[in-house]
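>>> Make a model of this:
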Amino acid sequence: MIESGGKNLWFVRSPLSIAGIHITSIMTIVKTTHDQLILISPVEINASLKSAIEELGTVAWIVAPNEFHHLFITSAKAAFPEAKIRCTSGLPKKIKSLPEHSILNVNETQVWGDDLEVLQFYPGSLGDEYIFYHSSSQTLILTDLFMWFEGEQNLATKLFSRLMSANGDSPKMSLMMKLIYRDKTKLRNSFAKMLEWDFKRVHLAHNRNIETDAKRHIINATRFAEHSGAKSTVES
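Numbers count the residues shown, from 1 in each chain. The predicted model follows:
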C-alpha cells in the first residue's frame, strides 16, 4: 500500500476512475526535518491506510499542490483532524466547503523543513501548480505537470491518454497543460528553474513514477517549449 521512495519519502498509488477513464493518483508522503509528515496530493484515506501512515509519524500538513487535486482533502482532514491544510490561492473560491486552510507559501520553513524545496510553477496560471524537490532522496515531486501512461487500458483510458498525448515510451506534458501554459518564454523560465534541482527520480500523479534516467526524461519532455532555431534555456 505504502511504497518507499527513498530516505524519509513514501508514496501511495491509488486507482481513480472518472467517467470510465481509469488512471492512478499518487500521494507523496514526506517526513520533514521537523519530524512531521506532509501529505502532498492526498488520495482517499481509509482506516487501513490511516493506520499505515500513523506508523510513519505524525501528519502535520495536508497539501493541495494545484487547483485540480482536491478531491480527497476532506478525507485526509477527517483522518488527521490536527493536520493543517495548505492550498493554492484559487482553491477556496472553487471549493466553498474547503476546511480551514492557509495559502501555500514557498518560504514557510515551518512546513517544509530543511530538505524540501518548493517552487510555484508558472505563477498566475489556471492550474497554479506547486512543485517540490526532496533533497534527501533527490526526488522531484510533480502533480499534473507531466503524465506517463503505461499498461493495459480500456477504450476510454486509451482515448484520454492519446488526447492528452500522455501515452508512449516517455513522459510528456499533457495537451491540457500546454493549453494552460501558453506563454512559452514564461514556461521555459519555469522549466529552467525546475531543472536546477539535482533530481534522480520523479513522482508523477498520473500514471507512473520515473525511477531511471529521470533528468533526461524530463529534459526531453520540455523540448517542445524551445523556440525553433533559438538557444534553449534547458540544457541536457
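>>> So what's the residue count around the closest residue to N66 other than its chain neighbours?
The shortest distance from N66 to any non-neighbouring residue, by CB to CB, 6 or more residues apart in numbering, is to E129 (4.0 Å). Heads up, the C-betas are built off the backbone N, CA and C, glycines and all. If you count neighbours by other CB atoms under 10 Å, E129 ends up with 24.
>>> Please apply the same query to the one 4 residues further on.
The burial count assigned to Y133 is 19, neighbours taken as other CB under 10 Å.
>>> so how far is I180 from the residue nearest to N66?
As judged by CB to CB, to the nearest Å, E129 and I180 stand 9 Å apart.
>>> Work out which residue lies at the spatial centre of the chain.
T143 (2.3 Å; CA atoms, centre = their mean).
>>> Who are the contact partners of that one?
40-41, 65-66, 68-69, 129, 131, 205 (CB atoms under 8 Å, 6 or more residues apart in numbering).
>>> what's the closest of those residues to E117?
Closest approach to E117 among the contacts of T143 (CB to CB): I131, at 9.2 Å.
>>> next helix or strand past the helix or strand of the chain with the lowest mean pLDDT?
Least confident helix or strand of the chain, by mean pLDDT, DSSP states H and E, is helix 155-163 with a mean of 77. Proceeding C-terminally, helix 155-163 gives way to helix 175-180 as the next helix or strand, assigned by DSSP states H and E.
>>> Tell me the buried residues in that next one?
Buried residues in helix 175-180, counted by 16 or more other CB atoms under 10 Å: 176-178, 180.
>>> Stretch 3-19 now?
5, 8-14, 16.
>>> Now do the least confident helix or strand of the chain: everything it contacts.
19-23, 147, 149, 153, 167, 175.
>>> Looking at the contacts of T143, which is nearest L104?
Scanning the contacts of T143 for proximity to L104, where the rule is CB to CB, the winner is P65, at 7.8 Å.
>>> Which of the three states applies to V12?
strand (DSSP: H, G, I helix; E, B strand; the rest coil).
>>> hey, what's it bridged with?
Here V12 sits in beta bridges with I2, M27, as judged by DSSP bridges.
>>> and if you look at V63?
In this structure, V63 bridges to I40, R86 when assessed by DSSP bridges.
>>> residues in contact with it?
Contacts of V63 (CB under 8 Å, 6+ apart): 38-41, 85-87, 104, 130.
>>> Out of the residues you listed, which comes closest to L49?
L39 (10.5 Å).
>>> Skipping its backbone neighbours, what lies nearest that closest one in space?
I62 (5.0 Å).
>>> pretty sure that neighbour is in contact with I73, am I right?
Yes. The criterion here is CB atoms under 8 Å, and I62 meets it with I73 at 6.4 Å.
>>> Which one of the two is surrounded by more residues?
Remark: of I62 and I73, I62 carries more neighbours, 28 against 23, as counted by other CB under 10 Å.
>>> Which parts of whichever helix in the chain runs longest count as buried, going by neighbours?
As assigned by DSSP state H, the longest helix anywhere in the chain is helix 184-194. Across helix 184-194, burial judged by 16+ other CB under 10 Å covers 187-188, 190-191, 194.
>>> just to revisit the earlier point, most neighbours among the contacts of helix 155-163, which one is it?
Highest count within the contacts of helix 155-163 by other CB under 10 Å belongs to M147, 25 neighbours.
>>> From G113, how far off is it?
For M147, the distance to G113 equals 28 Å [CB to CB].
>>> Could you report the neighbour count for T58?
T58 has 13 nearby residues by other CB under 10 Å.
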